[in-house]
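A.B. asks: prediction below, plus the sequence it came from.
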Amino acid sequence: MIEVKSSSENRDDIAASIGLAIMQWQDATQAYDEAVGTRLGLNMAERHCIGLLHGGPQSAGAIATATGLTPAAVTALIDRLEARGLLTRARSLEDRRKVVIEATEATGELSARYYGAIAREGEKLIATFSDAELATISRFVNAALDLQRAQLARLKAAGSDTSGR
């Protein structure tokens, strides 16, 4: 491990290298997700919905909020994915008046087929780092995620400014 102090001449080069690697990682992830979507006949909103359900059942409203789709568009999306056997509607166990959307076993099988190797290899990669290194990586990733979410919120709050400023 290279220890770099804030006064290091290499700091700017290392920071730039990290920034470039993150952009390339984002691009590679997006390209892979799009290739999986093409193979499975799923558009971006459908993939996003399925990804949300990976974390557990969601309400249609939560899916609409996360995807930015209108309630009518979410209903159509859920109908399409339900017809393909990729999700189901079920009554909430906490409130029987509410309906929750859940991924199916078929969705889990597709996820394992296309993302299982990435997860397994990722676990091997993570195992090569010390606890201290993992704590630093975790701190960075979570701070970067917070930054990205804050920038997205600012962009959405700015409205429909098409000038790019």
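C.D. replies: That came in fine, so what should we check first? Numbering: from 1, shown residues only.
A.B. asks: going forward, measure contacts between C-alpha atoms and count neighbours the same way
C.D. replies: Fine.
A.B. asks: any idea what S59 is bridged to?
C.D. replies: Per DSSP bridges, the residues bridged to S59 are V100.
A.B. asks: that one: neighbour count?
C.D. replies: The tally of other residues near S59 (other C-alpha atoms under 10 Å) stands at 17.
A.B. asks: try F140
C.D. replies: Neighbours of F140 using other C-alpha under 10 Å come to 12.
A.B. asks: now A90
C.D. replies: By other C-alpha under 10 Å, the burial measure for A90, its neighbour count, is 14.
A.B. asks: what's opposite it in the beta bridge?
C.D. replies: Note on A90: beta-bridge partners V100, judged by DSSP bridges.
A.B. asks: separation between it and A106?
C.D. replies: The gap separating A90 from A106 is 16 Å, by C-alpha to C-alpha, to the nearest Å.
A.B. asks: how close does E34 get to Y115?
C.D. replies: 13 Å.
A.B. asks: between these two, who's got more neighbours?
C.D. replies: Using other C-alpha under 10 Å, the more surrounded residue of E34 and Y115 is E34, with 17 against 14.
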